[in-house]
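A.B. asks: Predicted model, plus sequence, below.
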Amino acid sequence: MKPESPVKRILRIMLIFLIIMFVFNIFGAMNVTEPEELGLNDIKKIITENTIESVVIFPEEDRLEIYKKGADEQTPPIEEFYPAEYEDELTELLIENDINPTTEIVQPNVFISILASLLPFILILGIFWFLLYRRGGMGGGGLSGFTKSKAKLVDKSDPKVTFEDVAGIDEAVKEVEEIRDYLTNHSKYMAMGAKIPKGVLFMGPPGTGKTLLARAVAGESDVAFFSVAGSDFIEMFVGTGASRIRDLFEKAKENAPAIVFIDEIDALGSRGGPGDVGGNREHHQTLNALLTQMDGFDGDTNVMVIGATNRSDMIDQALLRAGRFDRKIVVGMPDSAGREAILNVHARGKPVGDDVDFRVIARQTHQFSGADLASLVNEAAILAVRQDKQEISQADFQEAIDRVRIGLKKNRPVSEKDREITAFHEVGHTLVGYVLRYSDPVHKVTIVGRGMSGGHTESLPEEERIYASVYNLKDRVASLLGGRAAEKALLGGDYTSGASNDISVATDILHQMITQFGMDEELGPRRYGQNQQGNFLGQTFSQHNRDYSEEVLRKIDERKNELLKQAENLATRIISRYEEGLRRMAEELLEKETLKRADIESIFGETGVPRGEITWTVKDGNLKIDFPE
């Protein structure tokens with residue numbers, strides 16, 4: 001058992017003393033009978049009876065003690081209270097009756113007075129100490145516990161995470177396998193004169209498996225694993241974070257070989273800037289302590305620091321230099337094969353039906369992280385339980401995908417007019433995307449409302465794509481504007497606000513094409529403007545540094561407007577050309593509410609709508625569409 005700290009022992013004794021005094025005061029008050037206050041006539045009556053020997057007056061307490069004649073020394077006096085305004089008359093009356101009164105000034109107890117003046121401060125100190133103790137900052141060690149590290153040492157008896165539990169990031173796993181070899185075969189590297197890397201930094205978007213990968217390294221290496229968040233070091237008291245850093249590394253050295261894992265290290269090691277008004281002393285002292293500890297590692301310490309961040313651009317360059325975080329491993333978003341592997345890992349131990357095809361689900365979950373896929377599998381299992389199923393089916397996974405990506409299904413009734421407009425709008429997206437050669441094939445179209453949308457059209461690439469081509473992006477913009485064009489064609493020139501998000505996404509795509517990707521023929525292959533991270537009063541923000549003139553800015557706006565109008569013109573002409581297929585598809589969609597890829601191909605094939613055969617060009621400002629004969 002850890003010995004009790006002196007400060008805590010003193011506070012405990014003071015608390016017990018105060019409680020004892022409080023109890024004594026209560027019992028003393030219970031045993032004292034308050035005498036009644038006498039009036040002047042009552043006192044005159046006692047004096048004139050000629051039975052009083054002497055009287056002692058206590059003016060500060062408006063009290064007098066009356067000693068009767070013939071009473072022995074052991075007989076207590078009669079204690080009475082009198083009104084303060086009768087003090088002068090009472091004295092004259094005693095003198096007239098040959099009774100010599102004496103006056104005594106009661107001196108207050110010095111100890112009691114001091115204690116009474118200090119009691120509020122003692123109570124405030126006790127409450128403050130109690131709150132800090134309950135907060136956990138001082139638990140298990142008094143004031144010294146406040147500066148102890150909050151890192152959690154993972155118990156080796158806990159279920160281990162191994163590399164078999166990590167999927168979809170094979171390149172990162174291969175990198176960390178060498179780290180495992182460093183820790184388990186340390187002597188082999190020492191004999192060769194090689195030094196163990198002091199630090200490894202996992203960088204990547206949230207949810208891609210950085211923390212899981214660090215736990216897998218610890219599980220495979222069978223070494224002590226200290227886990228802590230970067231924000232756990234920063235406190236309001238200057239110097240606390242630095243003390244916790246030192247304590248953490250002392251514990252790691254005592255338990256070597258060991259891994260120190262600092263999650264969200266950007267909270268601890270973020271770089272400063274002009275916004276660090278006053279210097280932010282606590283943050284800088286903590287960061288400097290981390291740098292000092294990493295520099296203080298000996299070649300045979302056998303302690304490795306693993307950091308994880310999704311904001312590598314915010315980390316101080318002093319941490320990233322060689323000799324501190326020697327290895328930088330990017331943990332990116334998984335591709336289609338990686339997503340399939342992740343789904344298989346999370347489906348272990350779950351009753352998955354024979355109809356489930358994780359390859360199809362992987363294709364539908366483009367840009368899903370490992371955490372998103374774990375949530376998807378769990379959501380599918382919950383849906384199966386709600387329907388009292390014995391197995392998780394493909395339909396459960398399909399519903400889970402829509403829930404995770406778009407939102408819950410809307411149950412409120414929708415008017416027939418709104419259903420019709422939604423059907424026209426979604427079929428417009430479907431038709432334009434179906435006929436253009438470089439657009440992604442349409443996988444599903446539905447008018448079932450979810451989240452903020454009344455319906456949606458889902459397009460999936462045939463294969464995983466690393467780069468986006470200029471033709472694909474332009475066809476995508478045209479497909480986005482196909483919903484608005486279909487409304488105009490089928491509503492007699494009228495249209496609704498349903499295309500607001502489509503227009504926003506299309507504008508963003510064109511803006512990136514012109515200013516970032518250099519895909520505009522007139523403005524050329526140049527990047528316009530730079531987004532930089534800033535820091536002001538401890539808050540990070542993005543700012544766009546414009547490195548071009550007002551004339552270029554006007555030209556960028558003009559080009560975006562021209563390209564948007566070209567895309568809308570393209571969508572309008574396609575819908576006009578294949579209006580029969582559009583109306584037939586809308587009728588089927590209103591009846592079934594959801595159509596899959598096979599249904600779409602069947603309907604368009606019957607109405608003569610070509611699949612992926614249309615290309616288009618713009619020459620001298622004129623749009624030319626190559627419709628098949």
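C.D. replies: Noted; the coordinates are in hand.
A.B. asks: neighbours of residue 193, just the number please.
C.D. replies: When neighbours are counted by other CB atoms under 10 Å, residue 193 registers 7. To be clear about C-beta, it is placed using only N, CA and C from the backbone, and glycine gets the same treatment.
A.B. asks: wait, isn't residue 223 in contact with residue 257?
C.D. replies: Yes: Residue 223 is within contact range of residue 257, at 4.5 Å (criterion: CB atoms under 8 Å).
A.B. asks: Need the overlap of contacts for those two.
C.D. replies: Common neighbours of residue 223 and residue 257 (criterion: CB atoms under 8 Å, 6 or more residues apart in numbering): residue 183.
A.B. asks: nearest spatial neighbour of residue 291, skipping sequence neighbours?
C.D. replies: residue 318 (5.9 Å; CB to CB, 6 or more residues apart in numbering).
A.B. asks: ugh, wrong one, residue 345
C.D. replies: Distances taken as CB to CB, 6+ apart put residue 167 closest to residue 345, at 4.6 Å, once the chain neighbours are dropped.
A.B. asks: Make sure the one you found is actually in contact with residue 344.
C.D. replies: Yes: here residue 167 reaches residue 344: they are 7.1 Å apart, a contact under CB under 8 Å.
A.B. asks: Which strand or helix spans residue 429?
C.D. replies: According to DSSP states H and E, residue 429 maps onto helix 416-435.
A.B. asks: what's the residue nearest to residue 291 in contact with, if anything?
C.D. replies: Going by CB under 8 Å, 6+ apart, residue 318 touches 287, 291, 324.
A.B. asks: now it: how far from residue 287?
C.D. replies: Applying CB to CB, to the nearest Å, the value for residue 318 to residue 287 is 8 Å.
A.B. asks: Report the angle between the biggest helix by length in the chain and helix 416-435.
C.D. replies: The single longest helix within the chain, with elements called by DSSP state H, is helix 550-577. Between helix 550-577 and helix 416-435, the angle comes out at 100 degrees (axes from the mean of the first three to the mean of the last three CA atoms, to 10 degrees).
A.B. asks: for helix 550-577, packing partners?
C.D. replies: Counting contacts by 3 or more CB pairs under 8 Å, 6 or more residues apart in numbering; DSSP states H and E, helix 550-577 packs against helix 416-435, helix 470-480, helix 482-490, helix 500-515, strand 622-626.
A.B. asks: Of all the ones you listed, which one is nearest residue 174?
C.D. replies: In terms of CB to CB, the element of the helices and strands packed on helix 550-577 nearest to residue 174 is helix 470-480, at 31.7 Å.
A.B. asks: Run through the strands of the stretch 151-300 of the chain in chain order.
C.D. replies: All strands of the stretch 151-300 of the chain, identified by DSSP state E, counting those that start in this stretch, fall at 152-153, 199-203, 224-229, 258-263.
A.B. asks: Can I get the ones you listed in a markdown table including distance to residue 314, mean pLDDT and mean neighbour count?
C.D. replies: Listed next are those as a markdown table, based on distance: least, CB to CB, whole Å; pLDDT from 0 to 100; neighbours: other CB atoms under 10 Å:
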| stretch | distance to residue 314 | mean pLDDT | mean neighbour count |
| --- | --- | --- | --- |
| strand 152-153 | 25 | 68 | 14 |
| strand 199-203 | 11 | 88 | 24 |
| strand 224-229 | 16 | 84 | 21 |
| strand 258-263 | 14 | 86 | 24 |
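A.B. asks: Among residue 167 and residue 344, which residue is more densely surrounded?
C.D. replies: More crowded of residue 167 and residue 344, by other CB under 10 Å: residue 167, with 23 against 15.
A.B. asks: related to what we said a few turns ago, do you know which of the helices and strands packed on helix 550-577 lies nearest residue 252?
C.D. replies: In terms of CB to CB, the element of those nearest to residue 252 is helix 500-515, at 44.8 Å.
A.B. asks: tell me the average confidence for that closest one?
C.D. replies: Average pLDDT, helix 500-515: 94.
A.B. asks: for stretch 555-565, same thing?
C.D. replies: So the average pLDDT for stretch 555-565 ends up being 94.
A.B. asks: How far does it sit from its chain's centre?
C.D. replies: Offset of stretch 555-565 from its chain centre (CA atoms, centre = their mean, to the nearest Å): 39 Å.
A.B. asks: Same check on stretch 608-623?
C.D. replies: Chain-centre distance of stretch 608-623: 47 Å, with CA atoms, centre = their mean.
A.B. asks: so where's the stretch 201-350 of the chain shaky on pLDDT?
C.D. replies: Scanning the stretch 201-350 of the chain for pLDDT under 70 picks out 234-239, 269-282, 296-301.
A.B. asks: Try it again at 50.
C.D. replies: By pLDDT under 50, the low-scoring segments of the stretch 201-350 of the chain are 274-275, 277-279.
A.B. asks: mind listing the helices for it?
C.D. replies: Secondary structure of the stretch 201-350 of the chain (DSSP state H, counting those that start in this stretch): helices located at 210-221, 240-254, 266-269, 281-295, 317-320, 336-346.
A.B. asks: In CSV: those, plus distance to residue 198.
C.D. replies: Formatted as CSV, the helices of the stretch 201-350 of the chain follow (distance: least, CB to CB, whole Å):
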stretch, distance to residue 198
helix 210-221, 15
helix 240-254, 11
helix 266-269, 14
helix 281-295, 5
helix 317-320, 11
helix 336-346, 30
